[in-house]
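What follows is a protein structure lacking sequence information:
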């Protein structure tokens, strides 16, 4: 059993609760087949892949600078990192910045690549095959009020739109209170957005003013990591209007659940 806290990650034996091992800053792959950890000494950061069963190091690579982990790929072999302090102070408040430096590490091959991007980006998830890195771009860069999904092609360094865009919604959307979960196969990433200003129902026309019965304040953003597509699932009116930390999302083998803990409402979604 893995327990996460301010000091890092601990693996507990669920029989006697003995601590098998503990690590510092750690991010697991979606299927928990590997753990990525970082250790910064001076002006260098060691990025390591750990065995989740024993905590032993499988492979590691050094990178210049003080780096923090962002996301890990479904293969468990690749991680995206940012400079220390570049992460938002909480999941709901983007940090203003004009440029973003991202690092992609593959410890097994000893490779670390650097990407200098114009704009305010955060790593979201790797595409299947580790060829692409999905990003959230906060706009405007220095005064973020909305977000949009973009793709970083790792071989070319180019940032592009999502190819299979099927949101029927504006390219720029607003939302806070993000919480995420992968589907069991690791091919989809579900993100719960709440607390955004009243928005028209996805599928409506962005050129029209929403009627009162069309306004929604919460939705689940579905990002396909295998098909390069995205769309939104609107949640019932009144969902997620209170404190963001009272909301949650969870996935089973055949269902997706969005939970509003403040009201006790649960939305069951067929993925």
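Alright, I've got the coordinates. Remember, predicted model here, so these are calculated numbers, not experimental data.

Next up, phi/psi of residue 130, please.
Here is the backbone geometry of residue 130 (degrees, to the nearest 10): phi 60, psi 30.

Now do the same for it: its pLDDT.
On pLDDT, residue 130 comes in at 95.

what does residue 197 give?
58.

So residue 193, which state does it fall into?
Look at residue 193: counting by DSSP: H, G, I helix; E, B strand; the rest coil, its state is strand.

correct me, but it touches residue 217?
No: using CB atoms under 8 Å, residue 193 is not in contact with residue 217, being 9.3 Å away. Just so you know, the C-beta spots here come from the backbone N, C-alpha and C atoms, and that holds for glycine as well.

neighbour count winner among these two?
Neighbours were tallied for residue 193 and for residue 217 using other CB atoms under 10 Å; the higher tally belongs to residue 193 (24 against 20).

do you know how far the more buried one is from residue 16?
41 Å (CB to CB, to the nearest Å).

ok, now residue 181?
30 Å.

Neighbour count: these two, which is higher?
Neighbour count, other CB under 10 Å: between residue 181 and residue 16, residue 181 has more, with 19 against 6.

which element is that one on?
strand 176-182 (DSSP states H and E).

Starting from that strand, tell me which strands it pairs with and how they run.
strand 188-194 (antiparallel) (DSSP bridges).

in this structure, which helix or strand is least confident?
Least confident helix or strand of the chain, by mean pLDDT, DSSP states H and E, is strand 164-165 with a mean of 55.

Show me the shaky parts of the stretch 51-200 of the chain.
86-92, 163-177, 196-200 (pLDDT under 70).

now the most centrally placed residue in the chain, nearest residue through space, not along the chain?
For the chain, the residue nearest the mean C-alpha position is residue 124 (3.9 Å; CA atoms, centre = their mean). Setting aside the residues directly before and after it, residue 124 is nearest to residue 134 in space (CB to CB, 6 or more residues apart in numbering), at 4.3 Å.

Need the residues that contact the helix or strand where the one you found lies.
Applying DSSP H and E as the criterion places residue 134 in strand 132-139. For strand 132-139, the external contacting residues (CB atoms under 8 Å, 6 or more residues apart in numbering) are 71, 80, 94, 102, 104, 119-127, 144-154, 159, 162, 172, 189, 223, 225, 228.

Apply 6 Å and report the result again.
Outside strand 132-139, the residues within contact range by CB atoms under 6 Å, 6 or more residues apart in numbering are 80, 94, 119-126, 144, 146-148, 150-153.

and it, how far from the chain's centre?
Strand 132-139 sits 10 Å away from the centroid of its parent chain (CA atoms, centre = their mean, to the nearest Å).

Correct me if wrong: residue 258 contacts residue 267.
Yes: contact criterion CB atoms under 6 Å: residue 258 and residue 267 qualify, at 4.4 Å.

intersection of neighbour lists for those two?
Joint contacts of residue 258 and residue 267 (CB under 6 Å, 6+ apart) are residue 235.

Between these two, which is the more surrounded one?
Neighbours around residue 258 and residue 267, counted as other CB under 10 Å, are more numerous at residue 258. The numbers are 26 against 19.

Wasn't the more buried one part of a strand?
Yes: assessed by three-state DSSP, residue 258 belongs to a strand.

is it in a bridge, and if so with what?
Note on residue 258: beta-bridge partners by DSSP bridges are residue 249, residue 267.

Could you report the neighbour count for residue 249?
18.

show me what contacts it?
Counted by CB under 6 Å, 6+ apart, residue 249 has contacts 179, 181, 190, 192, 258.

How about the fourth one: what's its closest non-neighbour residue?
It refers to residue 192. Residue 192 sits nearest to residue 249 (CB to CB, 6+ apart), 4.3 Å away.

Can you check what pLDDT the model gives that neighbour?
Reported pLDDT for residue 249: 93.

and what of residue 233?
88.

so how far is the helix or strand that contains it from its chain's centroid?
Assigned by DSSP H and E, residue 233 belongs to strand 229-234. Distance, stretch centre to chain centre, for strand 229-234: 15 Å (CA atoms, centre = their mean).
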